[in-house]
Each structure stands twice: as C-alpha cells, then as structure tokens.
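*Asks:* Predicted model and sequence follow; I will ask about them next.
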Amino acid sequence: MADIETGQLIYLVVLLAMVGGWFFMQSRAGLNRTLQYAAVWGMIFIGGAAAVGLWQDISRDARTPQISVTGAGQIIVPRARDGHYYLSLEVNDAPIRFVVDTGATDMVLTQRDAARAGINPQDLSYLGRANTANGEVRTAFVRLEEVRLGEVTDRDVPAVVNEGVMEQSLLGMGYLQRWGRIEISGGELILTR
C-alpha cells in the first residue's frame, strides 16, 4: 500500500475502534461518565487531526499547477491521483480538458467539447469507425483551426468527434506526435518541442 493509503487505513481503524467503544460504553449501565467524556474528547481530537491532514492534502492538490512550462520548450504535467495525465488545451479559443491517451490514434473530442470549440456535432458526417473498450463507434473527421498548449500554438490540427457517449476528450498520438519528445518519468509527463 502507498503511504497515503496506509495512513487512511490506520485512521479508519482508529475511528472504528472509537465509535465501537462508544457504543460499547453506552450499552453498559454502570460505567463512569468520566470514561464516556474521555472517549468523546478522544473522538474530537482524532477528528480534528484527520481534518487537518485532509485539508493539507486538498490544499496541496489545489496549489499544484496543472502544467509547468520551462524555458527549454518543455511542458511538464504531473500525474493525477487516478494515475492519468490531464491537460487543458485551448481549442479554437475554448478551454477543453483532455486525458492523455498514448493508445489513442487521434485527438478525439466528445460531442459536448466539439460544440464548445465551435463545431456543430449534428452537422458532421460520421463516416469513420473506431474500436474502443466499449465496442465500435462512429467518428467524424474535423480540422481544428487552432490548438494551444501553454505557449505552443498549432494550426489546422486533425481530430475526430466521437458519435458515441464519451466522458472525456482524448489527447491521442495525432496531436502528441507534433512534440519532438514524449517522456514519462518520476510521475511526470514531459513534452518537448
């Protein structure tokens, strides 16, 4: 287990012991009220410590920038808690969040994200086919006028719009290959032009 998971497990075991102890003490008629108050204060203390620990995790994640742009033409993306890498790109001046998917051939937009980028999904011809984990879906080829990531702007970028239900747009190799080097190291995705 990771350190965070171990800490959370210890916290849950202690919390369960405290709650179980509380119910045990409540069911016994002759226990001293002092022990009951001590248990309540112990639970308040543990709850406060857990709140401080969780707040530090939340604030650390909020302070972590999505990307770092270095002077060497690199974009550094930290790995998210779920193990994926996420990037927000400006597509035709609309911010769209992508999950980086090196297994995807193309840049794939959901219908919702395509509409945000100024493309009407109902006007597209879904003539292409793509094999996904959920089976085969129809796709429509599009060209994006402008895609911007950090200080890097690409024009006339090929992409596809997925006709099926898709939770997140995918940043596949159709876009990633525009970068000279793609590296994953130390929990970071590093794109270099």
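*Replies:* Yes, it's here.

*Asks:* pLDDT of stretch 122-137, averaged?
*Replies:* Stretch 122-137 shows a mean pLDDT of 88 in the predicted model.

*Asks:* Pull up the distance across that stretch, start to finish.
*Replies:* Taking C-alpha to C-alpha, to the nearest Å as the measure, stretch 122-137 stretches 16 Å from start to finish.

*Asks:* List the buried residues of it.
*Replies:* Residues 124, 126, 130, 137 are the ones in stretch 122-137 that count as buried (16 or more other C-beta atoms under 10 Å). Every C-beta, even on glycine, is put in place using the N, C-alpha and C of the backbone.

*Asks:* nearest residue to the last one other than its sequence neighbours?
*Replies:* Distances taken as C-beta to C-beta, 6 or more residues apart in numbering put G164 closest to V137, at 3.8 Å, once the chain neighbours are dropped.

*Asks:* mind listing what that neighbour touches?
*Replies:* Contacts were defined as C-beta atoms under 8 Å, 6 or more residues apart in numbering; by that measure G164 touches 132, 134, 137-138.

*Asks:* returning to what we had before: can I get the buried residues of stretch 122-137 in CSV with distance to I182 and secondary structure?
*Replies:* Rendered in CSV, the data for the buried residues of stretch 122-137 read as follows (distance: C-beta to C-beta, whole Å; DSSP: H, G, I helix; E, B strand; the rest coil):
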residue, distance to I182, secondary structure
L124, 29, coil
Y126, 29, coil
A130, 22, strand
V137, 26, strand
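
*Asks:* so what pLDDT did the residue nearest to V137 get?
*Replies:* Here the pLDDT value assigned to G164 is 86.

*Asks:* Just the element for it, please.
*Replies:* Assigned by DSSP states H and E, G164 falls within no helix or strand.

*Asks:* How about G21?
*Replies:* Counting by DSSP H and E, the element that carries G21 is helix 3-27.

*Asks:* now that helix: mean pLDDT?
*Replies:* On average, the pLDDT along helix 3-27 is 72.

*Asks:* that older thread, can you redo the buried residues of stretch 122-137 as CSV with distance to E90?
*Replies:* Compiled in CSV, the buried residues of stretch 122-137 are given as follows (distance: C-beta to C-beta, whole Å):
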residue, distance to E90
L124, 21
Y126, 25
A130, 25
V137, 26
